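> Quick one, structure for this:
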Amino acid sequence: MIESGISTNQELLLSPSSSSEMEDEGMVEVSGGRLKIRAIHVILSNSQSLTFIRMVGGHLTVETCSLTSTSSALSNSADVHCFWTGGSIVLDHATTTITSSTFSGLSFGAINMDGGNLTIDASSFDSNNPHLSNFPSFRRNIRCSGLGLLTIESLSGGDGIQTQSAWISASDCSLTAQEDISRSPFFVPALSSSSTSALNETEKKFHLTIEGKTLIPCSLFLEVFEKRNDGTESLPKQFPLTQESTINFNETTITLSIPLSSLSSFDNSLEWRGYLRFGKDQLTSTSFMVKTSTSERRKKGMMENMKWWLPVVISVSVLLIIVLVVVVICCRRRRALKFAQKVAQTDESEQPSLDEEKMEIKTFSSAESKEDEGSDDVIDLKGYITLRTSATVFGNDGTHQSTEMSSCTSRRRE
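Got it, this is the predicted structure:
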């Protein structure tokens, strides 16, 4: 076992140029074996580029130690790097135990582990702040990756106790800790209010502004539920909240643009309920309302109704036109059939037609006499009417067939 040999009350100032025990970057690196560091106070003069211990494999024990930094320079960066790579203690598949120790003011990160096992007990992490202008509460306490095993038996103070956020990035690790840490080991956001802008008629979208505390763009999502008329809520629509997907993002305010089409599966609702999802499937304890105006709802409802009813109207119209065409065709065929039957009957019962008929009426108003041929009798026809009729008959080919004449005499009434 290698011990530091530094007494409890002794202070050690480490910098890249002041210590003969450090390598090029002022770092103590141990590969394999066993290393125990006990009862020392380490001040890192430039924590932006300095790692105190790098342990590759082997076993590391840290007892009753304090690691801090004198650096107080503010960063000009407004971007959040959720997965940092630095740390005052860097562990590479090592087995490590840290007890009764404190890590404070380490802007480059307190502990960074890749694989291996790390157990922390009765220790504290305080103000390990990377000084991000838009996210002043962001901290870098513990970063765990590479399927490592991280166990937090207890914390004695610092950010994990004073606030609800322990600032432990362990999305790629197996974490064992008390319930309030394990539910959301990194940070816990809080909501206070929300507002929506008027609908952009051209782009068919509206802006949603969310206000709260500790709003950090690391695995943070907006979930929106439709509030139906019967009081139930639909399955959620989810929107990732990152600095790239939003219009404005800082620790207290998020503004994003939501296309109306992204809510098209909702039943023309006037009101939606929104939450923030974070940590291990955790939702914020409070929610906010997303509202659109009545005119927007009406327009959206009309669009939805047209989308469903227009195909039905078109289908019914086409069907009616087809039925009308069939009826017209049937009527015409029926009339044609009747006409053909009538022509056939006329051909069968065809008779000679009378082309001309002439009638002559002659009234005898005075005594007339006529003497029949071969007779000496005289017939008095006074008061009689004689009707003579002649008819000329033509055949179908227009040729003259015959001419008939007839006469009829009757007595006229006085």
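
> can we go C-alpha only for contacts and neighbour counts from here?
Noted.

> per-domain residue ranges of this protein.
11-183, 190-292, 302-330, 353-411 (automatic domain parsing).

> Which of those comes out lowest on mean pLDDT?
Sorting the domains of the chain by mean pLDDT places domain 353-411 lowest, at a mean of 49.

> hmm, who's touching the helix or strand where residue 125 lies?
Per DSSP states H and E, residue 125 falls inside strand 123-126. With contacts defined as C-alpha atoms under 8 Å, 6 or more residues apart in numbering, strand 123-126 is touched by 98-105, 110, 141, 154-160.

> That one: partners in the sheet, and parallel or antiparallel?
Here strand 123-126 is paired, per DSSP bridges, with strand 102-104 (parallel), strand 155-158 (parallel).

> So which of those strands is the most surrounded?
strand 102-104 (a mean of 22; mean count of other C-alpha atoms under 10 Å).

> after it, next one along is what?
Next helix or strand after strand 102-104 toward the C-terminus (DSSP H and E): strand 111-114.

> Who does that following strand pair with, and is each partner parallel or antiparallel?
When DSSP bridges is applied, strand 111-114 pairs with strand 89-92 (parallel), strand 142-145 (parallel).

> Just the helices from this protein, written as ranges.
159-162, 179-183, 294-348 (DSSP state H).

> now for these, which one comes closest to residue 192?
For the helices of the chain, the distance to residue 192 is smallest for helix 159-162, at 20.4 Å, taking C-alpha to C-alpha.

> which helices and strands does that closest one pack with?
When contacts are defined as 3 or more C-alpha pairs under 8 Å, 6 or more residues apart in numbering; DSSP states H and E, helix 159-162 packs onto strand 123-126.

> Please export the C-alpha coordinates of the strand it packs on as CSV.
Taking Å, rounded to 0.1, in the frame of the first residue of the first chain, the C-alpha atoms of strand 123-126 are listed here in CSV:
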residue,chain,number,x,y,z
SER,A,123,-18.9,12.8,1.6
SER,A,124,-20.1,16.1,0.1
PHE,A,125,-20.0,17.9,-3.2
ASP,A,126,-20.4,21.7,-3.2
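
> Pull out the buried positions in stretch 50-62.
By neighbour count on 16 or more other C-alpha atoms under 10 Å, the buried set for stretch 50-62 is 50, 51, 52, 53, 54, 55, 56, 57, 58, 59, 60, 62.

> Residues in contact with that stretch: which ones?
15-16, 25-38, 44, 86-99, 101, 116.

> measure it end to end?
18 Å (C-alpha to C-alpha, to the nearest Å).

> What is the burial count for residue 121?
Residue 121 has 17 neighbours, counted by other C-alpha atoms under 10 Å.

> swap that for residue 324, sorry
Residue 324 has 12 neighbours, counted by other C-alpha under 10 Å.

> likewise residue 126?
By the criterion of other C-alpha under 10 Å, residue 126 has 22 neighbours.

> coming back round to it: which among the helices of the chain is found nearest to residue 70?
Distance to residue 70, taken as C-alpha to C-alpha, is lowest for helix 159-162 among the helices of the chain, at 19.0 Å.

> Mind listing what's buried along the closest one?
Buried residues in helix 159-162, counted by 16+ other C-alpha under 10 Å: 159, 160.

> cool, and stretch 315-334?
Under 16+ other C-alpha under 10 Å, stretch 315-334 has no buried positions.
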